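Peer 1: Make a model of this:
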Amino acid sequence: MTSAEPEQASAHSYFIFFVFVIAYFFSYFYRSANAVIADDLSRDLGLAPAELGLMTSLFFLSFAAVQVPLGAALDRFGARFVTSGLMLAAVLGSLLFAVAQSFIVLAIGRALMGLGMAGVLMGSLKAFSGWFPPRKFATISGLFLGVGSLGALAAATPLAAFNEAVGWRPVFLGGALLVFAAASAIALFGRPAPGASARTRADDEPSSLGQIFASSTFWRIGLLAFTVTGSMFAYQGLWAGPYLVDRIGLPPIATGNLLLLMGVGVSGGYMIIGWLADQLGLAKVTAGGAIGLVFVQLVLAFFPVDAPSGVLAGFFLMFGFFGAFSVLFFALIRLAFPLNMTGRAITAVNFLGMVGSALLQWFLGVIIGLFAVTESGSYPPQAYNTALLVTSALIVLSVIYFWPLLRDTSQSSSVTSKT
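Peer 2: Predicted coordinates:
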């Protein structure tokens, strides 16, 4: 028999939420930090755009590489020790990043941070699958990402100010200590829900993972996750900063302010999209968010430099808001597979999102690097315009492939039999 679905949330459910959301705050901080310190990293270690993009993308690449085995581990062993154990790699990675004097050490540290944080979001969602009823999953997932994404706000103006005052290295030294404390809290208090560990031998069969990857519905959701999540993190985690510095001509603090506003949009989006999806339908809201993200990127690709600063601020707020709709991919997958398969199903779609983040973060660096550097040492507006047009086109193609799911308004039946 499979694990029983929880009928209602308890007081301890929200304590579990609190324990995991602290860890996710740091995960979001790490994935976003390079956008603010990109110029300093390039200058201090002599990184070209492709190297900066590759190094930054290693967080997502290592993150993605462990998603499939992570899902099986979460379904077998639970989130408590899998998540906290992996976070120790992030502690080591943060330390290496802080002391790095070469591209190689910097890259290893970044990859270890991604590996260590790979289990935080997925472990949290797996834990919530046992502690919260299915009907609340979209809402609790959105709230979780909304609170946790405040880490992106910390990685914007506060990080820019801290970086100007003392440099970026102390940030990661202190981060190592705080991540270790968060991992310890999960190990001590993140116990599984009663009955959530009930498994059968059949649950462990590789065929269950094959069912996931054989589903066309999984791929319709997963490829949209690849492009939407990928482009969102490619910009928020790195290229939005250089866009504002090179394309718009903003100084570091002003750039940090707009990245902060982008993070506010993400957090606000996470907070309300669960409710919005409950009112209008998961598939419709998911597609609408993707289309909104395309609209914002197209505007930024042709944005006039002399436009009022408030207009640019509004579009960065919208960028974050529509990017936050990516959380609905997890709710779609959660309702598509039984509870005993949620770890594998959620991590499988997250795998595609993180691969998209890694590949697009690197690929946009390659695109930008194709353009000649100007006399001021920056890259021309055409470089960033081209990057934005490429990601917009990829999202449009994935929305077209996702479109048939809009006919399935209930989103409540298993898709494991759909091919």
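
Peer 1: Using CSV, list the CA coordinates for the one helix or strand E51 maps to.
Peer 2: Under the criterion DSSP states H and E, the helix or strand holding E51 is helix 49-65. The C-alpha trace of helix 49-65 is given here as CSV (Å, rounded to 0.1, in the frame of the first residue of the first chain):
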residue,chain,number,x,y,z
PRO,A,49,31.9,36.3,-20.2
ALA,A,50,31.9,32.7,-21.3
GLU,A,51,34.0,31.7,-18.2
LEU,A,52,31.7,33.8,-15.9
GLY,A,53,28.6,32.2,-17.4
LEU,A,54,30.1,28.7,-17.3
MET,A,55,31.3,29.1,-13.7
THR,A,56,27.9,30.5,-12.5
SER,A,57,26.0,27.8,-14.4
LEU,A,58,27.9,25.1,-12.5
PHE,A,59,25.6,25.7,-9.6
PHE,A,60,22.6,24.7,-11.7
LEU,A,61,24.5,22.0,-13.6
SER,A,62,25.6,20.1,-10.4
PHE,A,63,22.1,20.8,-9.0
ALA,A,64,20.5,19.2,-12.0
ALA,A,65,22.9,16.3,-12.1
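
Peer 1: Pull the distance from that helix to the chain's centre.
Peer 2: Put simply, helix 49-65 sits 13 Å off its chain's centre (Cα atoms, centre = their mean, to the nearest Å).

Peer 1: what's it packed up against?
Peer 2: Helix 49-65 makes packing contacts with helix 11-45, helix 103-131, helix 342-369 when contacts are defined by 3 or more Cβ pairs under 8 Å, 6 or more residues apart in numbering; DSSP states H and E. No exception for glycine: its C-beta is placed from N, CA and C like everyone else's.

Peer 1: Which pLDDT value goes with V68?
Peer 2: Note for V68: predicted pLDDT of 76.

Peer 1: same question, the one 4 residues further on
Peer 2: Reported pLDDT at A72 in the predicted model: 79.

Peer 1: Look up the closest residue to it, ignoring the ones flanking it.
Peer 2: Spatially, and ignoring its direct neighbours in sequence, A72 is nearest to R344 (6.0 Å; Cβ to Cβ, 6 or more residues apart in numbering).

Peer 1: Distance-wise, check A345 relative to T286.
Peer 2: Distance check for A345 against T286: by Cβ to Cβ, to the nearest Å, it reads 16 Å.

Peer 1: Likewise for G353?
Peer 2: The value you get for G353 to T286, if Cβ to Cβ is used, is 13 Å.

Peer 1: How about I221?
Peer 2: Remark: distance between I221 and T286 (Cβ to Cβ) = 8 Å.

Peer 1: residue ranges of the strands in the chain, please?
Peer 2: Taking DSSP state E, the chain contains no strands at all.

Peer 1: mind showing which ranges of it have poor pLDDT?
Peer 2: Applying pLDDT under 70 to the chain picks out residues 1-11, 134-135, 138, 193-208, 339-340, 408-419.

Peer 1: quick one: R110 and N34, what's the gap?
Peer 2: Computed as Cβ to Cβ, the R110 to N34 distance reads 8 Å.

Peer 1: Please enumerate the shared neighbours of those two.
Peer 2: Common neighbours of R110 and N34 (criterion: Cβ atoms under 8 Å, 6 or more residues apart in numbering): T56.

Peer 1: Tell me, how many residues neighbour the nearest residue to W168 once chain neighbours are set aside?
Peer 2: Of all residues not flanking W168 in the chain, I37 sits nearest, at 4.5 Å (Cβ to Cβ, 6+ apart). Using other Cβ atoms under 10 Å, the number of residues around I37 comes to 22.

Peer 1: Pull the contacting residues for I37.
Peer 2: Residues near I37 by Cβ under 8 Å, 6+ apart: 159, 163, 168.

Peer 1: Q236 too?
Peer 2: Contact analysis of Q236 by Cβ under 8 Å, 6+ apart lists 32, 35, 152, 259, 262-263, 266, 319-320, 323.

Peer 1: I'd like these laid out as CSV, including distance to F15 and neighbour count.
Peer 2: Listed next are the contacts of Q236 as CSV, based on distance: Cβ to Cβ, whole Å; neighbours: other Cβ atoms under 10 Å:
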residue, distance to F15, neighbour count
S32, 27, 28
A35, 33, 28
A152, 24, 27
L259, 32, 27
M262, 31, 29
G263, 26, 25
V266, 25, 29
F319, 34, 27
G320, 29, 28
G323, 29, 27
